[in-house]
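J.: Give me the fold of what follows.
(2 chains)
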Amino acid sequence: MKYEAVIGLEIHCELKTKTKIFCGCETGFGGDQNTHVCPVCLGLPGVLPTINKRVVEFGIKAGLATNCTINKFSKFDRKNYYYPDLPKNWQTSQYDLPIAEHGWVDIDVEGEKKRVRLTRIHMEEDAGKLVHSGNTIKDSASSNVDYNRTGVPLLEIVSEPDMHTAEEARTYMEKIKAIMEYIDVSNCRMEEGNLRADVNVSIRPVGSKELGTRTEMKNINSFKSLVDAIDYEIDRQTEVLEDGGHIVQETRTWDPNRGITLSMRSKEDAHDYRYMPEPDLPPIVTTDEQIEAYRKELPELPDARRERLEKEYGLSDYDAGVITASRPMAEYFDEVVAGGADAKLAANWIMGELAKHLNAENKTIVDSPVEPARLAAMIQMITKGTISSKIAKTVFEEMWTSKDAPEEIVKAKGLVQITDTKAIEEIVDKVIADNPKPVEDYKGGNKKAIGALVGQVMKQSKGKANPQMVNQLLAQKLG
Amino acid sequence: MKVTKEDIQNVAGLSRLAIPDTETDVYIAQLGGFLEYVENLKEIDTEGVAPTTYALPMQNVFREDVVKPSLDREAALSNAPMKEDGYFKVPRVLEE
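T.: Okay, here's the model as predicted:
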């Protein structure tokens, strides 16, 4: 039987506020354990939490940017469960009146547009961190708890089960990341856990409308793990069904080292969270005017920016998609173009050499040693014919390690393109004389043989000859 | 609503309380009494009345996003039954 997977994501997005959601403790990553804590976030008796205004602003903006309806009457609720990372024994979250609901985002997978619906976006507090004494949670006699992260504000972005492949899930999560970056509500640093996904996966026979039993994998914090875990889980479930078994509804963990999912806990007796309205936090009432004011503050979003790059500069849909997938890259691109560079060349260089160098050194575009202004100047030199694209790579390499302007590098290294007909002619004549075989081939009708000769001229000129001129001269001389 | 022995055990389990079988009857009677009393509310016609989500006539109580000093770690840990290297120490946390 052929099966299709049904995938839904709950993405937890840590907000970039200065302080926690209900108290004034700072949210910074990496502080010494239990130094960003106070009576409120430690859940000591008798304290009163107060909502951080920015969290509500960020929640509303995230909702607007994902086409949600904003609930003008929203409230917090207590989600009760016992785990030492929550000192109060409940998580302050939202249940039936989340800040935003019923949204959607569009994703492109293999050239096709797909719409993923959002069920809801709600605000909640993050939990603390457990450090286990043993190697794994199972063989630890005790655990140590750091409450610095307890109370750091999160948005939980819940999708409908609208995805069917790991690739769709990855693209969706990338889209959510891009949007949250654009509207500047989260740093979205996955390595710091700013963006984590709980993934629900089930499979059903192709054509069936009924949902199969799902399993949930929690705290997936990289795109690679997301794809690997989903693919593994689809295979595992398919195998279970094909062997005549049935899927158990359970939480599983993804072990990236072993590349497998493991059963963590069964949901047979589904957790009863006994939600109740939070009596310590008054409801949040938002007016249409406030919502519209937040909407006005939103920047150009990834989809709109992508369309603009295609229309304004004639970039391909793919290129525009890559450039706009992250806000810093889109801004870098805009600066290069503003610096006078041809837009298509700018896109090629950013996605090519620049991306390659950044990846190799594990840098983000914000820390690029080559600033937009210098890249723009270099691209202008290509357009003007001062240097060839090939030489430009050498110049780029040089700019990567020095602060010199491309013009200085070209001058100092003698990399100026030879556009002097005389000089090129000399080399062309020599190459024709030294290479009788391709010359004959060409004259005999094999026009492709000119490639070898062009290559030779370029080599002898150390890449500095203007390729168009070389081609022209060779064609002329060979008649 | 009739409270059963299973209800008592379930609620006790969720609250991490151990209630011996010999005591369940006491709780069945007590909890049953509470629920019966609350049942009186069902007599009231609530047609067209929005559910109460907050008991006081208040809304939009916010604070600005401004950092306030946190507790000293010593103070934060001072009531902890167990601690280690600046952490709260807790017994094994895995579910049975």
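J.: isn't residue A:81 right up against residue A:88?
T.: No - look at residue A:81 against residue A:88 with CB atoms under 8 Å: they stay out of range, at 10.5 Å. Backbone N, C-alpha and C define where each C-beta goes, glycine included.
J.: more neighbours, the two?
T.: residue A:88 (18 against 13; other CB atoms under 10 Å in any protein chain shown).
J.: if I've got this straight, that one is in a strand?
T.: No - applying DSSP: H, G, I helix; E, B strand; the rest coil, one finds residue A:88 to be coil, outside a strand.
J.: Relative to chain B, how far out is it?
T.: 14 Å (CB to the nearest CB, to the nearest Å).
J.: excluding its backbone neighbours, what's nearest that residue?
T.: Leaving aside its chain neighbours, residue A:88 sits nearest to residue A:43 (3.5 Å; criterion: CB to CB, 6 or more residues apart in numbering or on different chains).
J.: what number of residues lie near the residue of the stretch 51-200 of chain A found nearest chain B?
T.: Going by CB to the nearest CB, chain B is nearest to residue A:144 of the stretch 51-200 of chain A, at 3.4 Å. A count of nearby residues for residue A:144, using other CB under 10 Å, gives 22.
J.: That one and residue B:89 touch, don't they?
T.: Yes - counting by CB under 8 Å, residue B:89 is a contact partner of residue A:144 at 5.5 Å.
J.: tell me which element the residue nearest to the spatial centre of chain A is part of?
T.: Nearest residue to the geometric centre of chain A (CA atoms, centre = their mean): residue A:174, 4.4 Å. Assigned by DSSP states H and E, residue A:174 falls within helix A:166-182.
J.: Identify each buried residue in whichever helix or strand comes after that helix, please.
T.: Remark: after helix A:166-182, the chain's next helix or strand is strand A:195-205, criterion DSSP H and E. By 16 or more other CB atoms under 10 Å in any protein chain shown, the buried positions in strand A:195-205 come out as A:195, A:196, A:197, A:198, A:199, A:200, A:201, A:202, A:203, A:204.
J.: and the very next helix or strand once past strand A:195-205, C-alpha only, in PDB?
T.: Using DSSP H and E, the helix or strand that follows strand A:195-205 in sequence is strand A:215-220. Only the C-alpha atoms of strand A:215-220 are listed here, as PDB (Å, rounded to 0.1, in the frame of the first residue of the first chain):
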ATOM      1  CA  THR A 215       3.600  10.600  17.200                       C
ATOM      2  CA  GLU A 216       5.200  13.700  18.400                       C
ATOM      3  CA  MET A 217       8.800  14.600  18.500                       C
ATOM      4  CA  LYS A 218       9.700  17.500  20.800                       C
ATOM      5  CA  ASN A 219      12.400  20.200  20.700                       C
ATOM      6  CA  ILE A 220      13.800  19.800  17.200                       C
END
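J.: buried sites along strand A:215-220?
T.: So, applying 16+ other CB under 10 Å, buried residues of strand A:215-220: A:215, A:216, A:217, A:220.
J.: just stretch A:298-315 next, same as before
T.: Using 16+ other CB under 10 Å as the test for burial, stretch A:298-315 gives A:301, A:302, A:303, A:305, A:306, A:308, A:309, A:310, A:313, A:315.
J.: average pLDDT across that stretch?
T.: Averaged over stretch A:298-315, pLDDT sits at 95.
J.: Give me the contact list for that stretch.
T.: A:61, A:64-65, A:106, A:175, A:178-179, A:182-184, A:316-317, A:319-321, A:323-325, A:327, A:330, A:333, A:337, A:343-344, A:347 (CB atoms under 8 Å, 6 or more residues apart in numbering or on different chains).
J.: Mind doing that once more with 6 Å?
T.: For stretch A:298-315, the surrounding residues in contact (CB atoms under 6 Å, 6 or more residues apart in numbering or on different chains) are A:65, A:178, A:182, A:183, A:320, A:321, A:324, A:330, A:343, A:347.
J.: and the first one, how many neighbours?
T.: With neighbours defined by other CB under 10 Å, the count for residue A:65 comes to 24.
J.: swap in the last one?
T.: The tally of other residues near residue A:347 (other CB under 10 Å) stands at 23.
J.: Can you name the residues of chain A sitting close to chain B?
T.: When proximity is defined as CB under 6 Å from any CB of the partner chain, chain A approaches chain B at A:17-19, A:24-26, A:33-38, A:50-54, A:75, A:82, A:84, A:137, A:141-146, A:265, A:277, A:282-283, A:285.
J.: hang on, the earlier thing: and the buried residues of strand A:215-220 as CSV, adding pLDDT and distance to residue B:73?
T.: Below are the buried residues of strand A:215-220 laid out as CSV (pLDDT from 0 to 100; distance: CB to CB, whole Å):
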residue, pLDDT, distance to residue B:73
A:215, 93, 39
A:216, 93, 35
A:217, 93, 34
A:220, 93, 32
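J.: Name the nearest of those relative to chain B.
T.: Ranked by distance to chain B (CB to the nearest CB), those are led by residue A:216 at 15.2 Å.
J.: in the sheet, who's paired with that closest one?
T.: Counting by DSSP bridges, residue A:216 forms beta bridges with residue A:200, residue A:251.
J.: ok, longest helix in the chain?
T.: Chain wasn't specified; assuming chain A. helix A:223-242 (DSSP state H).
J.: meant chain B actually
T.: Longest helix in chain B, counting by DSSP H: helix B:24-39.
J.: Next, count neighbours for the spatially closest residue to residue A:396 that is not a sequence neighbour.
T.: Of all residues not flanking residue A:396 in the chain, residue A:353 sits nearest, at 5.2 Å (CB to CB, 6+ apart). Using other CB under 10 Å, residue A:353 has 17 other residues around it.
J.: doesn't residue A:23 make contact with residue B:67?
T.: No - using CB atoms under 6 Å, residue B:67 is not in contact with residue A:23; the gap is 10.1 Å.
J.: Lowest average confidence across helices and strands of chain B, where is it?
T.: Using mean pLDDT, DSSP states H and E, helix B:5-14 stands out as the lowest-scoring helix or strand of chain B, at a mean of 88.
J.: now the angle from that helix to helix B:24-39?
T.: 90 degrees (axes from the mean of the first three to the mean of the last three CA atoms, to 10 degrees).
J.: Which positions in chain B make contact with chain A?
T.: B:16, B:53-54, B:58-63, B:65, B:67-68, B:70-71, B:73, B:76, B:84, B:86-95.
J.: Throw together a PyMOL command that grabs the buried residues out of these.
T.: Here is the PyMOL command that picks out the buried ones among those, judged by 16+ other CB under 10 Å:
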select buried, chain B and resi 53+54+63+65+70+71+73+76+87+88+89+90+93
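J.: Keep only those of the residues of chain B next to chain A that are in strands.
T.: B:62, B:63, B:84, B:87, B:88, B:89, B:90, B:91 (DSSP state E).
J.: And the residue of chain B that's closest to chain A?
T.: residue B:68 (2.9 Å).
J.: From what I see, residue A:124 and residue A:90 are in contact.
T.: No - counting by CB under 6 Å, residue A:124 stays clear of residue A:90, with 10.9 Å between them.
J.: ends of stretch B:75-89, how far apart?
T.: From its first residue to its last, stretch B:75-89 covers 15 Å (CA to CA, to the nearest Å).
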